[in-house]
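Visitor: Sequence below, structure please.
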Amino acid sequence: MFTFKITDDAELRPLEPWQAGEFLAHVDKARKNIEPYISWADLVVDEDGARSFLQRYADRQAAGEGRIYGIWLAGELVGGLLFRTFEVAWGSCEIGVWLSAEAEGRGLVTRATQQLIDWAIGVRGMNRVEWRCVPDNARSGAVAKRLGMTLEGTLRQAFPYRGEIHDVQIWALVRDEWEHRSWA
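Guide: Residues are numbered from 1 along each chain as shown. Now for the predicted structure:
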């Protein structure tokens, strides 16, 4: 297992099915902050649901099709990142993120995402990393911008969630841009 130090008191590491109880406790604590934007929060409502969700990503990881990571701050799980899609044959993947309100404003998501982008492009040979968010999620769009991503457009009425159909912004960073990134 790897651990990436994000800051002196924060680290990024894999989230695995055996951590279902800790993951559920985190989602319950962060639910108010993440539910407006993260549809899987509706699936993680008990330990079985948390384990099933994490197992789905463990299976994806074994197939080389996705991964899920947690962000721990002072030993507490406060957020995470995942490769929602990871299409090696196409050279394209999508990163999704979430964070508890108390951990916002520390640069944790930006730094952790930089690490995953470096791995996806530099190690796995991806050509394109996508970031999708609803336009109302200004914090998410701001992170994409800090990462040097380009807003490529908005898919209108593309995300049905909780009885409403939301627009989705598509941000992306491609290999050529990554090679000239500022965080290298």
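Visitor: C-alpha from now on. contacts and neighbour counts both.
Guide: Fine.
Visitor: Could you check how far Asn137 is from Leu43?
Guide: 21 Å (Cα to Cα, to the nearest Å).
Visitor: Would you map the helices across the protein?
Guide: 20-34, 47-62, 108-117, 138-146, 175-179 (DSSP state H).
Visitor: The residue located most distally from the centre of the chain and Ala138: what is the separation?
Guide: In terms of distance from the mean C-alpha position of the chain, Gly163 ranks first, at 23.8 Å (Cα atoms, centre = their mean). Using Cα to Cα, we find Gly163 at a distance of 21 Å from Ala138.
Visitor: Could you do Pro160 as well?
Guide: In this view, Pro160 and Ala138 are 19 Å apart by Cα to Cα.
Visitor: How about Ala172?
Guide: 16 Å.
Visitor: These two: which is more packed in?
Guide: Neighbour comparison, Ala172 and Ala138: the larger count goes to Ala172, with 23 against 11 (by other Cα atoms under 10 Å).
Visitor: Bridged to the nearest residue to Ala10 once chain neighbours are set aside, which residues?
Guide: Closest residue to Ala10 apart from its sequence neighbours, by Cα to Cα, 6 or more residues apart in numbering: Leu73 at 4.3 Å. Here Leu73 sits in beta bridges with Ala10, Glu76, going by DSSP bridges.
Visitor: wait, Leu73 sits on Ile6?
Guide: No: the criterion here is Cα atoms under 8 Å, and Leu73 misses it with Ile6 at 9.2 Å.
Visitor: Among the helices of the chain, show me which one is buried the most.
Guide: Mean neighbour count, computed with mean count of other Cα atoms under 10 Å, is highest for helix 108-117 among the helices of the chain, reaching a mean of 21.
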